[in-house]
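Engineer: What follows is a predicted structure for the sequence shown.
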Amino acid sequence: MGKIIQQVTHHAERKAVSTMVDSFLKHLDKSENRQETYLKIVDMAGKFYGKAATQDKLDRVRSAIKDPNNRWFHYIDKIVAESDPNYVKTMMLNLGYESFLRGTKKIRKNRQKYHCNIPWLILFDPTSACNMHCVGCWSGTYGHKNNLSFEDMDKIVTQGKALGVHLYMMTGGEPMVRKADILKLCEKHNDCFFAAYTNSTLIDEDLCKEVVRLGNLTFMLSIEGSPDTNDARRGDGHYAAVMKAMDLLKKYGIIFGTSICYTRANIEAVTSDEFLKMISDKGARFGFYFHFMPVGNNAVPELMPTVEQRKKMIDRIRYVRSDACDIDFFPMDFQNDGEFVGGCIAGGRNYFHINSRGDAEPCVFIHFSDRNIHEHSILEMLQSPLCKKYHEGQPFNRNHLRPCPMLENPEMLRQIIRETGAKGTNEESEESVEHLCAKCDAYAKEWAPVADEIWASCPHKKLPYENYTAEKREHPELAGFEHAERKNEGVPQKKIG
């Protein structure tokens, strides 16, 4: 009976949100109506979250919406205005209502119920196949031998939804090699939102038409700066293919972003004003920056950014997100934005990864596993010794500029793998944890004092919600926050680079 009541309530809530969005889109040409609808959405979110949404936070959002000069309100408004209406509506329902609102609430309850990490998103590889061979990338060496069947992917999403997960990202290989099955998955699970990290080469007119019809698939296009810096790593002609894909996605009103691996060789090119303005003009509205990771026996550690480059990267990303910058692009830095997500998000804390063989890995960069989707459920994966060790260890460092148990704290990953007995999953040739971590030892040692100096020079706030163990929630000093807040109390924000 309780389940039926929940379904009826869910249906009524989704219908109410759908009606609100319809009204919003109907008056796109009338800015006062749009502002009124934005405010109604904030009110609805406040009621939905209850005590978790403080009046102070809600009032700040309302003030931003009412402020005619607020940069980020104009940014959101622009995205809505330039995008296909059906696509916008589905994104608001699936990413906004199902994932951010309803899903988050359910996930937090399940974390308490099952005493383990429950992620906000699940990343999986439809295939190991890729039509490119980028320098320093492990995927291009895997070959075409492994694929998740449609039934495997359907199982991941069905079981994930039962836990509250409504956001799914796909990588590979090149996920769009499995274009037909991905579109079928999006259609079946039309209450979820999907995102594909893609090299762009398989995006065409027919795909764009289907995406507009479905409304619940977006793309993060891999690009690395200028034609020269990009094609030097990804091969001749790739830059042109990305430009073509961007033009198509913009033409059809599909919201999309970028996926950028920054290395010692390209970091200046992928963060310049010229580059950011170019991808913004092309229609990209957000982007993920990923620090190069020396993963795999054939990795090129020399591509890792220098300490000085990483310092400048922190400063640069924060500048682009500040009111001082007028570029309509929102960048996120996977390695340097740990403070805003409470450190390492892997191991199911906010996400985990399932590779094309079905192995559950704590992170897309950590190729070790002790569970497989063919023998275990999603919940059993999250309750595995490997994921539990992640949960117990997080945050791996009280300095969230050193979040990773591999790159910045390699001794931690060694310990986790040793204690859990997790097996290597690198499809090309199995890499031992010692071999992997040895490539990070010198980097971690060099970055530590620099990161600690930066961290100590800036004020920090404890997040209102953190998915740590009960012991660390009850004793914040174990996670370093009490120390950090006392130490930095009253310290002004300092320019990093």
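Structural biologist: Thanks, I have it.

Engineer: Please count neighbours and contacts with C-alpha atoms only from this point.
Structural biologist: Noted.

Engineer: Please enumerate the helices of the stretch 151-300 of the chain.
Structural biologist: For the stretch 151-300 of the chain, the helices defined by DSSP state H, counting those that start in this stretch occupy 179-188, 205-214, 227-234, 238-251, 273-281.

Engineer: and of those helices, who's closest to residue 436?
Structural biologist: Residue 436 lies closest, by Cα to Cα, to one member of the helices of the stretch 151-300 of the chain: helix 227-234, at 21.9 Å.

Engineer: looking at the helices of the stretch 151-300 of the chain, which one has the lowest mean pLDDT?
Structural biologist: Here those differ in mean pLDDT, and the lowest is helix 227-234 at a mean of 66.

Engineer: Please name the nearest non-neighbouring residue to residue 297.
Structural biologist: Closest residue to residue 297 apart from its sequence neighbours, by Cα to Cα, 6 or more residues apart in numbering: residue 431 at 6.1 Å.

Engineer: and the one you found, how many residues sit next to it?
Structural biologist: 19 (other Cα atoms under 10 Å).

Engineer: Do I have it right that it meets residue 424?
Structural biologist: Yes. Using Cα atoms under 8 Å, residue 431 is in contact with residue 424, at 6.2 Å.

Engineer: Now tabulate the helices of the stretch 151-300 of the chain in a markdown table and tack on distance to residue 61 and mean neighbour count.
Structural biologist: What follows is the helices of the stretch 151-300 of the chain, written out as a markdown table (distance: least, Cα to Cα, whole Å; neighbours: other Cα atoms under 10 Å):
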| stretch | distance to residue 61 | mean neighbour count |
| --- | --- | --- |
| helix 179-188 | 32 | 16 |
| helix 205-214 | 30 | 16 |
| helix 227-234 | 38 | 18 |
| helix 238-251 | 28 | 19 |
| helix 273-281 | 25 | 17 |
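
Engineer: Nearest approach to residue 359 belongs to which of the ones you listed?
Structural biologist: Closest among those, using Cα to Cα: helix 179-188, at 19.3 Å.

Engineer: Contacts for that closest one, please.
Structural biologist: Helix 179-188 is contacted by residues 150, 153-154, 176, 192-194, 210-211, 214, 216-217 when judged by Cα atoms under 8 Å, 6 or more residues apart in numbering.

Engineer: just the strands in the stretch 251-400 of the chain please.
Structural biologist: Under the criterion DSSP state E, counting those that start in this stretch, strands of the stretch 251-400 of the chain are mapped to 257-262, 286-291, 330-333, 351-354, 360-361, 368-369.

Engineer: Among those strands, show me which one is buried the most.
Structural biologist: Of the strands of the stretch 251-400 of the chain, the one with the most neighbours on average (mean count of other Cα atoms under 10 Å) is strand 360-361, at a mean of 30.

Engineer: which strands and helices sit next to that strand?
Structural biologist: strand 351-354, strand 368-369 (3 or more Cα pairs under 8 Å, 6 or more residues apart in numbering; DSSP states H and E).

Engineer: Include distance to residue 390 and mean pLDDT when you put those into a markdown table, please.
Structural biologist: Output for the helices and strands packed on strand 360-361, formatted as a markdown table (distance: least, Cα to Cα, whole Å; pLDDT from 0 to 100):
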| stretch | distance to residue 390 | mean pLDDT |
| --- | --- | --- |
| strand 351-354 | 11 | 98 |
| strand 368-369 | 12 | 98 |
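
Engineer: Next, format these as a markdown table and append distance to residue 205.
Structural biologist: Converted to a markdown table, the helices and strands packed on strand 360-361 look like this (distance: least, Cα to Cα, whole Å):
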| stretch | distance to residue 205 |
| --- | --- |
| strand 351-354 | 30 |
| strand 368-369 | 38 |
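
Engineer: Just the buried subset of the contacts of helix 179-188, please.
Structural biologist: 150, 153-154, 176, 192-194, 211, 214, 216-217 (16 or more other Cα atoms under 10 Å).

Engineer: hang on, isn't residue 195 packed against residue 221?
Structural biologist: No. Checked against Cα under 8 Å, the pair residue 195 and residue 221 is beyond contact range at 10.5 Å.

Engineer: quick one, which of these two is more surrounded?
Structural biologist: Using other Cα under 10 Å as the criterion, residue 195 and residue 221 rank with residue 221 on top: 24 against 18.

Engineer: Grab the nearest non-local neighbour of residue 35.
Structural biologist: residue 65 (6.7 Å).

Engineer: State the distance from that neighbour to residue 72.
Structural biologist: Look at residue 65 and residue 72: by Cα to Cα, to the nearest Å, they are 9 Å apart.

Engineer: the more surrounded of those two?
Structural biologist: Taking other Cα under 10 Å, residue 65 and residue 72 do not tie; residue 65 has more neighbours (22 against 17).

Engineer: Give the bridge partners for the nearest residue to residue 221 once chain neighbours are set aside, please.
Structural biologist: Excluding its sequence neighbours, the residue lying closest to residue 221 (Cα to Cα, 6+ apart) is residue 258, at 4.5 Å. Beta-bridge partners of residue 258, counted by DSSP bridges, are residue 221, residue 287.

Engineer: picking that back up, which among the strands of the stretch 251-400 of the chain is found nearest to residue 437?
Structural biologist: It's strand 368-369; of those, that one is closest to residue 437 (Cα to Cα) at 12.7 Å.

Engineer: Show me where the stretch 1-150 of the chain dips below the pLDDT cut-off.
Structural biologist: 1-2, 27-33, 49-53, 131-144 (pLDDT under 70).

Engineer: just the helices in it please.
Structural biologist: Going by DSSP H, counting those that start in this stretch, the stretch 1-150 of the chain shows helices at 2-26, 31-49, 55-66, 71-82, 85-91, 104-114, 150-163.

Engineer: ok, residue 439 touching residue 293?
Structural biologist: No. Applying Cα under 8 Å as the test, residue 439 and residue 293 come out as separate, 9.5 Å apart.

Engineer: related to what we said a few turns ago, residues in contact with the residue nearest to residue 35?
Structural biologist: So residue 65 contacts 35, 38-39, 73 (Cα under 8 Å, 6+ apart).

Engineer: what two of the residues you listed are the furthest from one another?
Structural biologist: 39 and 73 (11.6 Å).

Engineer: So residue 197 sits against residue 177, correct?
Structural biologist: No. When contacts are counted by Cα under 8 Å, residue 197 is not listed as touching residue 177 (11.8 Å).

Engineer: which one of those two has more residues nearby?
Structural biologist: A direct count of neighbours by other Cα under 10 Å for residue 197 and residue 177 places residue 197 higher, at 22 against 19.

Engineer: Thank you kindly, that will do.
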